[in-house]
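Participant: requesting a structural model of the entry that follows:
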Amino acid sequence: MVAGVLSARLAAQQLADQVEVRSAGVYAVEGAKASAHGVELLAAKGIDIRQHVARGVVEQDIQQATLILVMEEKHRQSLFHYSPMDFYKVLLLSELANEHFDLRDPYGYNKAAYVTTLQTIEKILDIGWSNLLTRLAIQTK
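Facilitator: Model prediction:
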């Protein structure tokens, strides 16, 4: 959901050509499609994530990235072991909004859990948008 919302916001601000958004999981169920609840909630906002297929993060992803947003502190810790030299690129999503909390994956939970997670994602991006753009070195028009 984060990749979908982030991509849509970048496109809406005509910044999509400056950032490549990728999604990869530390504990991904390789090949899994986006959950029905996530697809439904984002579709209601005009965001299509039906083509999403889960994949695990690999060292090359970390090395090529400018910024890596993780949902949970344990994800950040796991990425350190993939590529310690690139650890400075890893940021807990909530830190964009100058907070520090884990955002649990709602996968396997009911729709209400997805609604709550999506609301939290949107709030973090609302508050932390300028922080994100600064970290990505994006100049707005």
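Participant: show me what counts as buried in the biggest helix by length in the chain.
Facilitator: The residue-count maximum for a helix in the chain (DSSP state H) belongs to helix 111-135. Residues of helix 111-135 classed as buried by neighbour count (16 or more other C-beta atoms under 10 Å): Y114, T117, L118, T120, I121, I124, L125, G128, N131, L132, L133, R135. All C-beta atoms are positioned from the backbone trio N, CA, C, and that covers glycine.
Participant: now the helices for this structure?
Facilitator: According to DSSP H, the helices that the chain contains are 2-12, 36-43, 59-64, 73-82, 111-135.
Participant: including distance to E30 and mean pLDDT, could the ones you listed go into CSV?
Facilitator: As requested, the helices of the chain are exported to CSV (distance: least, C-beta to C-beta, whole Å; pLDDT from 0 to 100):
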stretch, distance to E30, mean pLDDT
helix 2-12, 16, 97
helix 36-43, 17, 98
helix 59-64, 14, 92
helix 73-82, 16, 92
helix 111-135, 21, 97
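Participant: a markdown table for those helices, including distance to S23?
Facilitator: Shown next, in a markdown table, are these (distance: least, C-beta to C-beta, whole Å):
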| stretch | distance to S23 |
| --- | --- |
| helix 2-12 | 4 |
| helix 36-43 | 11 |
| helix 59-64 | 10 |
| helix 73-82 | 13 |
| helix 111-135 | 13 |
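Participant: wait, K89 touches I62, no?
Facilitator: Yes: assessed by C-beta atoms under 8 Å, K89 is found in contact with I62 at 7.0 Å.
Participant: and those two? which has more neighbours close in?
Facilitator: The neighbour comparison of K89 against I62 (other C-beta atoms under 10 Å) goes to I62, with 20 against 17.
Participant: what is the neighbour count of the residue nearest to the more buried one when sequence neighbours are not counted?
Facilitator: Closest residue to I62 in three dimensions, ignoring its sequence neighbours and counting by C-beta to C-beta, 6 or more residues apart in numbering: S83, at 4.3 Å. S83 has 19 neighbouring residues, counting by other C-beta under 10 Å.
Participant: I figured S83 hits V57, correct?
Facilitator: No: applying C-beta under 8 Å as the test, S83 and V57 come out as separate, 9.8 Å apart.
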